[in-house]
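Participant: Any chance you can model this:
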Amino acid sequence: MASGRALRWAVRAPDVIFLLLWLDFIHCDSKVIYGALHKNVTLRASSSQTFQEIIWKKGKDKAVEWEEQYNVTAFPPFVDRVHLNTGSGDLTIYNLAFEDEGDYQIESPSVKNSSKFILRVVEPLPEPELYCESTEGNISVRCLILAASLRHIDLIQYSWNCPPTVSCQAGLGPSEMYITKESDFSQDVQCIISNPLFKSSASASLSSCAPTDNTRHRYMLVAVLPAVIVALVLLKWFLARRSG
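Facilitator: Residues are numbered from 1 along each chain as shown. Below is the predicted model:
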């Protein structure tokens with residue numbers, strides 16, 4: 001009985017593999033479009049033909065529909081938020097919200113190869129925060145984003161600007177930079193964060209991160225202070241003896 005199930009699975013396995021490859025092909029055939037939150041985005045139909053009818057869908061649901069000699073009809077949640085160019089087939093969505101993310105497709109007899117899009121809505125990036133710590137004279141700088149509600153963390157990329165006199169090495173991840181003690185600590189380093197639409201940056205002065213000589217000065221003070229006290233005591237004794 002077990003061998004019969006194994007045989008059936010062996011027969012069906014190529015069909016499963018074909019289905020997965022087909023689905024992957026469909027996904028790869030879609031063009032990723034990025035739109036800014038609360039701004040506009042246009043999905044462009046790749047057709048030079050004249051349109052008689054157009055349907056734009058988000059997933060399986062209609063977003064907008066038009067037929068020649070009829071008005072354009074928009075469907076929730078796109079009512080009063082879209083413009084369909086019936087000449088080019090382009091669809092513009094206004095006041096983008098995160099809920100507008102998803103798969104879009106134009107259907108029309110004028111479009112031989114249906115245009116498919118994956119819309120992702122991204123938001124402006126906050127200014128990052130830089131934190132540093134010193135270990136044995138070397139400095140590690142971390143570039144952190146403190147906005148916990150930021151949506152597309154996976155789209156964020158990090159880069160660093162280091163002056164020629166600063167020796168920067170990659171840290172444990174892209175958000176961390178390691179700076180050796182041979183560097184010029186009078187310089188600044190800059191962290192830049194970006195996504196497909198926005199960019200933000202922050203700088204840090206290495207002098208504020210570098211180890212100071214306060215410890216050495218403290219030890220010198222501890223060593224000098226007793227000598228000063230002894231000298232004052234001897235001076236007082238000498239003056240008292242002289243006056244006597």
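Participant: which residues touch the spatially most central residue of the chain?
Facilitator: The chain has residue 156 as the residue nearest its centroid, 1.4 Å off, counting by CA atoms, centre = their mean. Each residue near residue 156 by CB atoms under 8 Å, 6 or more residues apart in numbering is listed here: 125, 145, 150, 193-195. Every C-beta, even on glycine, is put in place using the N, C-alpha and C of the backbone.
Participant: Just the ones of those in strands?
Facilitator: Among these, DSSP state E puts 193-194 in strands.
Participant: From the contacts of residue 156, which one has the minimum pLDDT?
Facilitator: Taking pLDDT as the measure, those have their low point at residue 150 (85).
Participant: Not counting its neighbours along the chain, what's nearest that one?
Facilitator: residue 123 (7.1 Å; CB to CB, 6 or more residues apart in numbering).
Participant: for the residue nearest to residue 40 when sequence neighbours are not counted, phi and psi?
Facilitator: Among residues not flanking residue 40 along the chain, residue 94 sits closest, at 5.1 Å (CB to CB, 6+ apart). In this entry, residue 94 is assigned phi and psi values of phi -100, psi 160 (degrees, to the nearest 10).
Participant: coming back round to it: against residue 128, how distant is the residue nearest to the centre of the chain?
Facilitator: Going from residue 156 to residue 128 by CB to CB, to the nearest Å gives 10 Å.
Participant: Between these two, which contacts overlap?
Facilitator: In contact with both residue 156 and residue 128: 145, 193, using CB under 8 Å, 6+ apart.
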